[in-house]
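# Test case, fold it:
(2 chains)
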Amino acid sequence: MNLRKVAVVGIGETSFGRHMERSITDLAAEACLKAIKDAGVSHRKVQLATGAYAAQWNSALGQYFTLPQIVLREIGITQIPIFRVENGCSSGSVAFRDVWYRIATGEYDIGLAFGVEKMNVADSKSIRGQISDHVPERDFDLGLTAAGIYAMMARRMMAQYGVTRENLAQVVVKNRRFGSMNPLAQYQDAVTIDEVLSARMISDPLTLYMCCGRGDGAAAVILMDAETAKQYTTHPVYVAANVLTSGTYADDVDFVTFDVDVRAAAQAYEMAGLGPEDLDVAEVHDSFAPAEIKHYEDLGFCARGEGARFLEEGLSDMGGKIVVNTSGGLLSKGHVIGATGISQVCELVKQLRGTAHHRQVEGAKVGLQHNSGGYVHTEFCSCAINILTR
Amino acid sequence: MKLLDPSLFKETEEGLALVGQKCRTCGKIAFPKKRVCPACFSDDLEDKLLSKTGTLHTFTCTYLGVPHLNPPYVIGFVDLPEKIRLLSLITDCEPWDEVLQVDMPMEMVIDKLMEDEQGEDVYCYKFRPKGAADRK
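Next up is the predicted model:
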């Protein structure tokens, strides 16, 4: 299919953190309004919108119905088609994809995508105690947790490739240092290797700091076709590739990789006509420290089994080959489920515009965003990747 | 005995075994049983009892786990010869960080998983290092 070139023209984010006193509607409206103002577009020009959130943890039904319409009514956006999507932790990226696709195919010229979540209204026990009668293997009844998934992966990486606990801590130290330069991040303080290693054990070998926190917040973008974008900006950021796919769920692959990520990356590089060697920056789904090391390998930043070395040699740090998670990543921002994917896009847009201040990667031209969502038995349910260029 | 999910098990002369399916068309083994073969979409399926031994692919001790299992507890992936990867609680392995090794042989046991809301014991499969002394 002939797809039109699409540009990100506006970005807007709330701070990520604890916003107990604010409604989910207010958080989302703040991010959407910021994105519209950043794009310099009238709210009446927005032709469609898609909003993402995974669950409303304190609602009896687990959901609020038609939240995106309720949010957008607050800023005067009415009388247009509005959708809600859910794809677990990649929900935000799927909202982005939905708007991108409808503009790329020519159905609309200007659209808004946003993601929002309030995580702090739920107590940890109710999140960990999710029933699993919809999962045939009954994984959560049998004790699986999000940290447990990546703890098991880390254990296998340690046995198979010699990854160390120190390597896991190095991921956290790098990302928390970047987070300390991002005023929107939840955790504003850098940490040391010793602090990470001596923190409370969550799921061995993962300590507290190796697990992302949760948070409240929202992020939004305005997308336009490239022709329309010229009327609004002199520095558009283009979507060179957008890929969404789902898991393979193999039972016989070493638990050091997710095929869904490998396939999504290959598709994204082909669509963009670019390779990992062309990337300057990347925002990858570092929900737990070993995930980032795995992603280096699955996304082709380095060879299989070389992820820890890529990290140790500073190749993912400032001055390295591909600077990863300059936003501070989920490990600094906290995971704001529905907002995470769009927040990753916002960081790359700042990098490609050259407005990332103290964490700016000099001359960044190409960025990759990677967002994982959901999990069943042996693999994530979904992987979304964007490659952005200027 | 109340099982977590009776459809996962089959009573045999040697006690409870896990039961999956084997596709008569392509030979693919799957667990738990599904409506069709996930590999070739055939619905010509037969029951397939799974081995009670396997190898420990990886594991973790979870300190902040699901409330109904009273953390800390040890879980892992156990790979069966039928190329089925099971998530399983690991039992009879103290001290776990000295006893457990990646790729070590494991054997299945039927053990209490938890209590339901009425206080009745709910049983499920677990795995333990092969030859571990039965402390029950």
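
# And the closest residue to residue A:285 other than its chain neighbours, which helix or strand is it part of?
Distances taken as CB to CB, 6 or more residues apart in numbering or on different chains place residue A:372 nearest to residue A:285, at 4.4 Å, with adjacent residues excluded. Any C-beta I mention is one placed from the backbone N, CA and C, and that applies to glycine too. Mapping residue A:372 onto the secondary structure by DSSP states H and E places it in strand A:366-376.

# which strands and helices sit next to that strand?
The criterion is 3 or more CB pairs under 8 Å, 6 or more residues apart in numbering or on different chains; DSSP states H and E, and the helices and strands that strand A:366-376 contacts are helix A:91-104, helix A:259-272, strand A:281-283, helix A:337-353, strand A:379-389.

# Tabulate the ones you listed (CSV), appending mean pLDDT, mean neighbour count and distance to chain B.
Putting the helices and strands packed on strand A:366-376 into CSV (pLDDT from 0 to 100; neighbours: other CB atoms under 10 Å in any protein chain shown; distance: least, CB to the nearest CB, whole Å) gives the following:
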stretch, mean pLDDT, mean neighbour count, distance to chain B
helix A:91-104, 98, 26, 23
helix A:259-272, 98, 20, 14
strand A:281-283, 98, 27, 26
helix A:337-353, 98, 28, 19
strand A:379-389, 97, 25, 10
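
# Against residue A:138, how distant is the residue nearest to residue A:285?
As for residue A:372, its distance to residue A:138 is 22 Å (criterion: CB to CB, to the nearest Å).

# likewise residue B:2?
Counting by CB to CB, the separation of residue B:2 from residue A:138 is 14 Å.

# Ok, residue A:170 next?
According to CB to CB, residue A:170 stands 36 Å off from residue A:138.

# Following the record's annotation, map out the domains of chain A.
In the assignment given by automatic domain parsing, the structural domains of chain A cover A:6-124+A:215-229, A:133-186+A:237-389.

# where exactly do the helices run in the chain?
Chain wasn't specified; assuming chain A. Secondary structure of chain A, counting by DSSP state H: helices at A:24-39, A:67-73, A:91-104, A:124-128, A:146-161, A:165-179, A:193-198, A:226-229, A:259-272, A:289-298, A:307-312, A:329-333, A:337-353.

# let's do chain B instead
Taking DSSP H, the helices of chain B run over residues B:96-99.

# residue ranges with poor pLDDT in it?
Low-confidence segments of chain B (pLDDT under 70): B:133-136.

# about what we covered before: and residue A:372 and residue A:138? Which one has more around it.
The neighbour count for residue A:372 versus residue A:138, taken as other CB atoms under 10 Å in any protein chain shown, is higher for residue A:372 (29 against 20).

# in the sheet, who's paired with that one?
For residue A:372, the beta-bridge assignment (DSSP bridges) gives partners residue A:383.

# Distance from the chain centre to the strand holding residue A:372, please.
From the chain centre to the centre of strand A:366-376 is a distance of 6 Å (CA atoms, centre = their mean, to the nearest Å).

# what angle separates it from helix A:91-104?
Interaxial angle of strand A:366-376 relative to helix A:91-104 (axes from the mean of the first three to the mean of the last three CA atoms, to 10 degrees): 120 degrees.

# The residue nearest to residue A:138 when sequence neighbours are not counted: how many residues sit nearby?
Leaving aside its chain neighbours, residue A:138 sits nearest to residue A:132 (5.3 Å; criterion: CB to CB, 6+ apart). Applying other CB under 10 Å, we find 15 other residues in the vicinity of residue A:132.

# can you tell me which residues contact residue A:132?
For residue A:132, the contact set (CB atoms under 8 Å, 6 or more residues apart in numbering or on different chains) comprises A:138-141.

# Show the model's pLDDT score for it.
On pLDDT, residue A:132 comes in at 76.

# can you tell me how far it sits from residue A:166?
Taking CB to CB as the measure, residue A:132 falls 34 Å from residue A:166.

# Can you pull the residues of the stretch 1-150 of chain A lying near chain B?
With the criterion set to CB under 8 Å from any CB of the partner chain, the stretch 1-150 of chain A comes near chain B through A:124-125, A:128-129, A:136-145, A:147-148.

# distance of residue A:255 from residue A:174?
Residue A:255 is 24 Å from residue A:174, by CB to CB.

# quick one, which of the two is more surrounded?
When residue A:255 and residue A:174 are compared for neighbours, residue A:174 comes out ahead with 27 against 22, by other CB under 10 Å.

# Pull the contacting residues for the more buried one.
Going by CB under 8 Å, 6+ apart, residue A:174 touches A:311, A:316-317, A:324-325.

# let's see it at 6 Å
residue A:317 (CB atoms under 6 Å, 6 or more residues apart in numbering or on different chains).

# and the gap between it and residue A:168?
The span separating residue A:174 from residue A:168 equals 11 Å under the rule CB to CB.

# and what of residue B:57?
For residue B:57 relative to residue A:168 (CB to CB), the value is 19 Å.

# Show me which of those two is the more surrounded one.
A direct count of neighbours by other CB under 10 Å for residue B:57 and residue A:168 places residue A:168 higher, at 29 against 23.

# Give the closest residue to that one in space, chain neighbours not counted.
With CB to CB, 6+ apart as the criterion, residue A:168 has its nearest non-adjacent residue at 4.3 Å, and that residue is residue A:289.

# So the one you found is in contact with residue A:173, correct?
No. Look at residue A:289 against residue A:173 with CB atoms under 6 Å: they stay out of range, at 9.8 Å.

# so what's in contact with those two at the same time?
Among the neighbours of residue A:289, none is also in contact with residue A:173 (CB under 6 Å, 6+ apart).

# which one of the two has more residues nearby?
Taking residue A:289 and residue A:173 together and counting by other CB under 10 Å, residue A:289 has the greater number of neighbours (30 against 20).

# Ramachandran coordinates for residue A:121?
For residue A:121, the backbone dihedrals (degrees, to the nearest 10) come out as phi -70, psi -20.

# Tally up the residues packed near it, please.
Neighbours of residue A:121 under the rule other CB under 10 Å: 15.

# just residue A:184 next, same as before
Applying other CB under 10 Å, we find 20 other residues in the vicinity of residue A:184.

# Give me the distance between the residue lying farthest from the centre of chain A and residue A:101.
When distances to the mean C-alpha position of chain A are computed (CA atoms, centre = their mean), the maximum falls on residue A:79, with 29.7 Å. For residue A:79, the distance to residue A:101 equals 22 Å [CB to CB].

# For stretch A:287-304, which residues meet the burial criterion?
Buried positions in stretch A:287-304, judged by neighbour count with 16 or more other CB atoms under 10 Å in any protein chain shown: A:287-302, A:304.

# Could you do stretch B:37-52 as well?
With burial defined by 16+ other CB under 10 Å, the residues of stretch B:37-52 counted as buried are B:37, B:45, B:48, B:50, B:52.

# can the residues you listed go into a markdown table with extra columns for distance to residue A:196?
What follows is these, written out as a markdown table (distance: CB to CB, whole Å):
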| residue | distance to residue A:196 |
| --- | --- |
| B:37 | 46 |
| B:45 | 49 |
| B:48 | 45 |
| B:50 | 40 |
| B:52 | 40 |
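
# With respect to residue A:237, which of those is nearest?
Taking CB to CB as the measure, residue A:237 lies nearest residue B:37 of the buried residues of stretch B:37-52, at 45.1 Å.

# Not counting its own residues, what contacts stretch A:298-310?
The list of residues contacting stretch A:298-310 from outside it, by CB under 6 Å, 6+ apart, reads A:161, A:163, A:167, A:257, A:261-262, A:265, A:276, A:293, A:296-297, A:322.

# Can I get that stretch in PDB? Just the C-alpha atoms.
Provided in PDB are the C-alpha atoms of stretch A:298-310 (Å, rounded to 0.1, in the frame of the first residue of the first chain):
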ATOM      1  CA  ASP A 298      16.900  -8.400  20.000                       C
ATOM      2  CA  LEU A 299      16.900  -5.000  18.300                       C
ATOM      3  CA  GLY A 300      20.300  -5.600  16.600                       C
ATOM      4  CA  PHE A 301      22.300  -3.000  18.500                       C
ATOM      5  CA  CYS A 302      24.900  -5.800  19.100                       C
ATOM      6  CA  ALA A 303      25.200  -9.500  18.500                       C
ATOM      7  CA  ARG A 304      23.400 -12.200  20.600                       C
ATOM      8  CA  GLY A 305      25.100 -12.600  24.000                       C
ATOM      9  CA  GLU A 306      27.000  -9.300  23.600                       C
ATOM     10  CA  GLY A 307      24.500  -7.100  25.400                       C
ATOM     11  CA  ALA A 308      26.300  -6.800  28.600                       C
ATOM     12  CA  ARG A 309      29.600  -6.000  26.800                       C
ATOM     13  CA  PHE A 310      27.700  -3.300  24.800                       C
END
